[in-house]
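Colleague: just a sequence and a predicted model for now, questions to come.
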4 protein chains.
Amino acid sequence: MSEKNAGEHVVMMDLEPIDLMIGGKKRRFDIADPELPDWIDDAAFSSGGYPHEDKLKRNTYEDLLEALQGELIKLHAHLQATGGRLVVLFEGRDAAGKGGTISRFRHNLNPREARIVALSKPTETEQGQWYFQRYAEHLPTDGEIVLFDRSWYNRAVVEPVMGFCTEAEYEAFLDAVNPFEKLLTDDGIHLFKIWLNIGREMQLERFHDRVHNPLKYWKFSSIDLKGIGLWDRYTDYRNRMFAATHTDHAPWTVIRSNDKRRARVEAIRLVLSSIDYKGRDASVIGEADAQIVKNAGDFLAAKL
Amino acid sequence: MSEKNAGEHVVMMDLEPIDLMIGGKKRRFDIADPELPDWIDDAAFSSGGYPHEDKLKRNTYEDLLEALQGELIKLHAHLQATGGRLVVLFEGRDAAGKGGTISRFRHNLNPREARIVALSKPTETEQGQWYFQRYAEHLPTDGEIVLFDRSWYNRAVVEPVMGFCTEAEYEAFLDAVNPFEKLLTDDGIHLFKIWLNIGREMQLERFHDRVHNPLKYWKFSSIDLKGIGLWDRYTDYRNRMFAATHTDHAPWTVIRSNDKRRARVEAIRLVLSSIDYKGRDASVIGEADAQIVKNAGDFLAAKL
Amino acid sequence: MSEKNAGEHVVMMDLEPIDLMIGGKKRRFDIADPELPDWIDDAAFSSGGYPHEDKLKRNTYEDLLEALQGELIKLHAHLQATGGRLVVLFEGRDAAGKGGTISRFRHNLNPREARIVALSKPTETEQGQWYFQRYAEHLPTDGEIVLFDRSWYNRAVVEPVMGFCTEAEYEAFLDAVNPFEKLLTDDGIHLFKIWLNIGREMQLERFHDRVHNPLKYWKFSSIDLKGIGLWDRYTDYRNRMFAATHTDHAPWTVIRSNDKRRARVEAIRLVLSSIDYKGRDASVIGEADAQIVKNAGDFLAAKL
Amino acid sequence: MSEKNAGEHVVMMDLEPIDLMIGGKKRRFDIADPELPDWIDDAAFSSGGYPHEDKLKRNTYEDLLEALQGELIKLHAHLQATGGRLVVLFEGRDAAGKGGTISRFRHNLNPREARIVALSKPTETEQGQWYFQRYAEHLPTDGEIVLFDRSWYNRAVVEPVMGFCTEAEYEAFLDAVNPFEKLLTDDGIHLFKIWLNIGREMQLERFHDRVHNPLKYWKFSSIDLKGIGLWDRYTDYRNRMFAATHTDHAPWTVIRSNDKRRARVEAIRLVLSSIDYKGRDASVIGEADAQIVKNAGDFLAAKL
Ligand SMILES: Nc1ncnc2c1ncn2[C@@H]1O[C@H](COP(=O)(O)OP(=O)(O)O)[C@@H](O)[C@H]1O
Ligand SMILES: Nc1ncnc2c1ncn2[C@@H]1O[C@H](COP(=O)(O)OP(=O)(O)O)[C@@H](O)[C@H]1O
Ligand SMILES: Nc1ncnc2c1ncn2[C@@H]1O[C@H](COP(=O)(O)OP(=O)(O)O)[C@@H](O)[C@H]1O
Ligand SMILES: Nc1ncnc2c1ncn2[C@@H]1O[C@H](COP(=O)(O)O)[C@@H](O)[C@H]1O
């Protein structure tokens, strides 16, 4: 049996009710109960201050997505013609929508030249190596697009939150990551760092769905479970990451993702608006929705 | 620029009208003309003797697919629990629907443990190696599912048809492939070989669509173009492949794929009906549609 | 610390005296004692019925080796010019002299094109794969020579002797290995299988030397230690391996190796005498010393 | 046939006499003539101002080397016990003795944990990647020693000298290499950069030997041949490299290598004297021979 997931799945997990403090209220969340509590259901979409009332309409979304994917194809053709390289890394809490966004991003691109990289936890050999080594192996060659589903930023958030790295390793990472990314961008790689930001109740709703929807339960891991009570620690590490690694050469973009559709659209739009390519149609790309897309500097400033 | 696709795409291709002989009629096909000719449009769905009048209804399809994907998840969980390994290889002419079928097959599975392998044309180093070497590298470990989008059978059809291998290499392949697969199945790997069978006019319609749909034009390669006039050669090599490599330990299943929806459903169903797994629900899996699914032995026999 | 050798070295090993039965005599061997016992010292060189009285003279050896290496260079040039591929796999008990023979074989060849492959024990991922998968990855491309220091035959001797595989895995290996090798030789790979055969007291002397020579102690593993008492089991599995896998397409050659010099010369000579190449000088190659070189068929027959 | 060496070897090379300007004298060097000219033979050992009259005596050398290798084994055991990592990269003109030095360095170490990395020229895919990517892949894990036979510094000397990179790539490399190495040393890797410095006539003598010694002719490449007339360009780029990349965190050590024996001894000694390890015996290690070992700062200063 695969070592990676053994024993991590819901069937084998102990799903005890969890006591939480949310918005000043004490809440007991029994994720094993098939019924989603009202206090989650009611608050999910607007959680974390999500500004929209409703999801983007299905038809609007599909048309927009298809149009943007058409632009992506032109962008990719341009990268291939000019030897350009593109890296987009997706970070965010569990259930923020990384996988789904990446899959729409890649959907109409040639899978041989637009690769998804989602590394498992490091093997013992990898653990002994230079921290960036196993990621560096997957960087693109000329004409390639690489979409990282999680990335070296594991060491900035999930690892310290979960105790998978030492404090010293965490600090060393924060010292190393900016120069590392500078090497890549100086080498000519287009690098985008996207944080998908989900509200607390929305995360709970999606976890609940994973547990009870047989098509999704493999997505629910013991790390997700453990993360439920660690919301504030996550927040704290996320903010420290933004403060330390939002640089001119490799800025972070925060995209609110309670509405997955809008988030997917904005992620693609971000890349399209930042690179010039042959045949680019600005009217198709449109403008970012400033209510849900922020650079990490403004995002942090708004928190104060 | 990536070496793999340089100069292979429609923008750079010479799209001259082609003279074809189809069903005893001389036809001129001008793929560059945005208008699809009636003789293709009218015949596409029923081409190659497709037995159904219409595509499976969207809703029926989506419900069925989701139910079958639910079973796949159980199958995968079972493989993980028992250390089983599954290989499904998809072959068929260009535009037969390999990529789309594979992507639905994989859709709800854990991407880290259900991998798609779609190799580019061999590098010079690979060309010098044991023919099966570069494929062997991607075989599954315990608990994994590997879906091959094209496979070692390149050497049985596309390579000899296109002149990418010598006659001697072709013959050597036919001698080697059965013992090679026997090693894998004796080692306990579940191996399925699926040929998606498309009708001639349907292939032309899909090629036409690739050329004129900007979201798809990257799929259209010079090999597709060249293949248009080589239909009968393809047929001949396909049949020789079936005759030589449809074995007890690794049989071929032919699935007619003019209706992509039915083909996708049948591919998943085939695997589900052939492996026993925990929680298997035979009523969900249902029965293969014998009109569009045949083992290669019966398929060949029916040709006579 | 590297997982591979942790805890396997002499510094951490318990070197208790071992009671052995050798040639009908009970012997106690205290490997920790720096003094090599006379019963080993006296018998080592002639152990196992070694026919020569003395080592090959140093000068004779060096001249011969250099001349043969010159021929190897011509052979390699020929392989490169014609796209040939050569695999030589070296097996034998611990301390039989595999590493040293391989290093002389490779000494004057271009290290980029004449590679040594010495795999560590399989990782968990590799353990779940097709048994031959991790070896297949290292097979040569055109013009390459690959020297295996141990090989897939681990499963024929050391694994069953040490209990690293199940009886069923052992049997499955014996069924699979001949067809596997047939695939390689049919593909045009030159395949040599050499068993270096060491006498019992000579092995003890070399182990003793490893323990007490700081330059060599890393070579002494807990597996060597454990193997000391398992001599007859090794013999038995070796013979079963010969009986099962000495084939026309991939025969075994047994080379007695109490005298390392003669063994190195004979290993190179074997390959040179079996392949035709441009500029081959038969007078340099000379004749095998039939007293120490036997094909496995004759070797087994002589045992009866 | 292997792409890497095709057409690079002496058999296929045009060995015309070359006109050189050496020490103010015009010289014609006919490398194809089996007779080595006196002006080379006489000057070789002392070329480039080599301070010693004779090679180190064979016995002295062998004893010293063995003693130092004994220390290396202790160093390696210490790295394994503490999870240390060691990288030593060897640079120098062709025939400076990199390969031989590396092979003595590694000779008594466990080959599975002390690896030699000698990369071929980059493939097309590699050429499109981040420059350091293909090197990063081979960096050591815990307990490993990696010896680079040539390294990323190809782009500092051989590539610009031979025209294998653009001026812009060269400049970009000089900007990137210090931060890159800083990442490695900050990560805890012990990094040594050794330049083996050979005199001009000594290089000619060794080239001549390669051409006429069948055991070595594979070592002689068209790049060596072309390099003969580019001595001063090499010198210039070497000096610019020292000026730009001799840093506190990753200094260069220059070792004169007309006497290969002394050079090998000094390379090992350098590493042993710079790392603390368990059981270290300073009296065995001894002192560097300041006449032939200099850090690159002093080396450059002495040139002025
Ligand atoms: N020169 C070649 N030698 C061998 N195989 C080739 C060569 N060129 C293309 N192929 C293979 O032929 C197959 C069909 O090519 P193509 O129609 O372009 O790709 P696909 O249908 O997979 O998108 C692919 O598997 C490709 O790798
Ligand atoms: N647990 C194991 N499972 C399978 N093979 C193993 C295991 N442990 C050691 N081996 C293999 O047994 C062989 C003998 O081990 P050892 O004597 O330590 O190495 P060597 O003789 O190659 O220096 C090696 O090929 C090693 O990979
Ligand atoms: N076209 C090229 N582009 C970049 N590097 C090259 C190219 N050709 C050769 N090299 C590199 O130049 C270096 C010197 O080549 P050569 O003298 O043939 O090899 P070596 O001295 O390592 O035996 C090698 O590292 C080789 O990989
Ligand atoms: N023991 C571990 N050490 C380091 N990273 C881990 C470990 N376990 C899980 N992770 C990583 O944590 C992230 C979240 O895990 P998951 O929610 O299971 O996808 C993934 O990137 C994992 O690779």
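Modeller: Nice, I can see it. Since the model is a prediction, treat every value here as computed from it, not as a measurement. Ligands and ions are numbered 1, 2, ... in the order given.
Colleague: who in the stretch 151-300 of chain A is up against ligand 4?
Modeller: Contact residues, the stretch 151-300 of chain A versus ligand 4 (Cβ under 6 Å from any ligand atom): A:154, A:158, A:159, A:164, A:221, A:223, A:224. All C-beta spots, glycine's among them, are computed from the backbone N, C-alpha and C.
Colleague: make TSV out of the residues you listed and add neighbour count and secondary structure.
Modeller: Output for these, formatted as TSV (neighbours: other Cβ atoms under 10 Å in any protein chain shown; DSSP: H, G, I helix; E, B strand; the rest coil):
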residue	neighbour count	secondary structure
A:154	20	helix
A:158	20	helix
A:159	18	helix
A:164	15	coil
A:221	16	coil
A:223	15	helix
A:224	21	helix
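Colleague: what residues sit buried inside the top helix by length along chain A?
Modeller: If each helix of chain A is counted by residues according to DSSP state H, the longest one is helix A:58-82. Neighbour counts over helix A:58-82 (16 or more other Cβ atoms under 10 Å in any protein chain shown) mark A:61, A:64-65, A:67-80 as buried.
Colleague: mind checking how far the residue of the stretch 1-150 of chain A found nearest ligand 4 is from residue D:220?
Modeller: Residue nearest to ligand 4 within the stretch 1-150 of chain A: residue A:121 (3.7 Å; Cβ to the nearest ligand atom). Distance from residue A:121 to residue D:220, counting by Cβ to Cβ, to the nearest Å: 48 Å.
Colleague: these two: which is more packed in?
Modeller: Each of residue A:121 and residue D:220 has its neighbours counted (other Cβ atoms under 10 Å in any protein chain shown); residue D:220 has more, 25 against 12.
Colleague: name the nearest residue to that one, sequence neighbours excluded.
Modeller: Among residues not flanking residue D:220 along the chain, residue D:210 sits closest, at 3.9 Å (Cβ to Cβ, 6 or more residues apart in numbering or on different chains).
Colleague: which SSE is that neighbour in?
Modeller: helix D:200-212 (DSSP states H and E).
Colleague: starting at the chain centroid, how far to that helix?
Modeller: The chain centroid and the centroid of helix D:200-212 are separated by 16 Å under Cα atoms, centre = their mean, to the nearest Å.
Colleague: what do you get for stretch A:72-84?
Modeller: On the basis of Cα atoms, centre = their mean, stretch A:72-84 sits 24 Å off its chain's mean C-alpha point.
Colleague: list the contacts of that stretch.
Modeller: The contact list for stretch A:72-84, computed with Cβ atoms under 8 Å, 6 or more residues apart in numbering or on different chains, reads A:85-86, A:105, A:108-110, A:113-114, A:142-145, A:188, A:190, A:268, A:271-272, A:275, A:277-280, B:1-2, B:5-6, B:9, B:11, B:214-215, B:217-218, D:128.
Colleague: in helices, which of those appear?
Modeller: Among the contacts of stretch A:72-84, the residues falling in helices (DSSP H) are A:105, A:268, A:271, A:272.
Colleague: my guess is the second one meets residue A:70, correct?
Modeller: No - counting by Cβ atoms under 8 Å, residue A:70 is not a contact partner of residue A:268; they are 10.6 Å apart.
Colleague: buried ones in stretch A:33-46?
Modeller: Within stretch A:33-46, the residues that count as buried by 16+ other Cβ under 10 Å are A:36, A:37, A:40, A:43, A:44, A:45.
Colleague: please read the previous query as pertaining to stretch A:219-236.
Modeller: In stretch A:219-236, counting by 16+ other Cβ under 10 Å, buried: A:219, A:220, A:221, A:224, A:225, A:227, A:228, A:230, A:231, A:234.
Colleague: contacting residues around the residue nearest the centre of chain A?
Modeller: The centroid of chain A falls nearest to residue A:91 when counting by Cα atoms, centre = their mean (3.0 Å). Residues near residue A:91 by Cβ under 8 Å, 6+ apart: A:98, A:150, A:151, A:153, A:157, A:193, A:194, A:195, A:196.
Colleague: farthest-apart pair in the residues you listed, please.
Modeller: A:157 and A:194 (13.8 Å; Cβ to Cβ).
Colleague: outside of the helix holding residue D:210, which residues touch it?
Modeller: Identification of contacts with helix D:200-212 by Cβ under 8 Å, 6+ apart yields D:10, D:15, D:22, D:29, D:31-32, D:34, D:36, D:39-41, D:43-45, D:47-48, D:50, D:93-96, D:198, D:216-217, D:219-220, D:224-225, D:228, D:231, D:258.
Colleague: just to revisit the earlier point, tell me the two of the buried residues of stretch A:33-46 that are most distant?
Modeller: Within the buried residues of stretch A:33-46, two members stand farthest from each other by Cβ to Cβ: A:37 and A:45, at 14.9 Å.
Colleague: sorry, back to before: return the member of the ones in helices among the contacts of stretch A:72-84 nearest to residue C:300.
Modeller: Nearest member of those to residue C:300, counting by Cβ to Cβ, is residue A:105, at 62.8 Å.
Colleague: how close does the closest one get to chain C?
Modeller: Separation of residue A:105 from chain C (Cβ to the nearest Cβ, to the nearest Å): 29 Å.
Colleague: in this structure that residue contacts residue A:265, no?
Modeller: No - Residue A:105 lies out of contact with residue A:265 (Cβ under 8 Å); the separation is 10.5 Å.
Colleague: next one: stretch A:59-74 to chain centre, how far?
Modeller: Distance, centroid of stretch A:59-74 to centroid of chain: 20 Å (Cα atoms, centre = their mean).
Colleague: would TSV of the contacts of residue A:91 with distance to chain D and secondary structure be doable?
Modeller: Output for these, formatted as TSV (distance: Cβ to the nearest Cβ, whole Å; DSSP: H, G, I helix; E, B strand; the rest coil):
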residue	distance to chain D	secondary structure
A:98	24	helix
A:150	20	coil
A:151	15	coil
A:153	16	helix
A:157	20	coil
A:193	17	strand
A:194	21	strand
A:195	24	strand
A:196	26	strand
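Colleague: would you list those in CSV and tack on pLDDT?
Modeller: Shown next, in CSV, are the contacts of residue A:91 (pLDDT from 0 to 100):
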residue, pLDDT
A:98, 98
A:150, 98
A:151, 98
A:153, 98
A:157, 98
A:193, 98
A:194, 98
A:195, 98
A:196, 98
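Colleague: for those residues, which one is nearest ligand 1?
Modeller: residue A:98 (27.6 Å).
Colleague: in chain A, which spans are strands?
Modeller: Taking DSSP state E as the criterion, chain A carries its strands at A:18-22, A:25-29, A:86-92, A:114-117, A:145-149, A:190-197, A:252-256, A:293-295.
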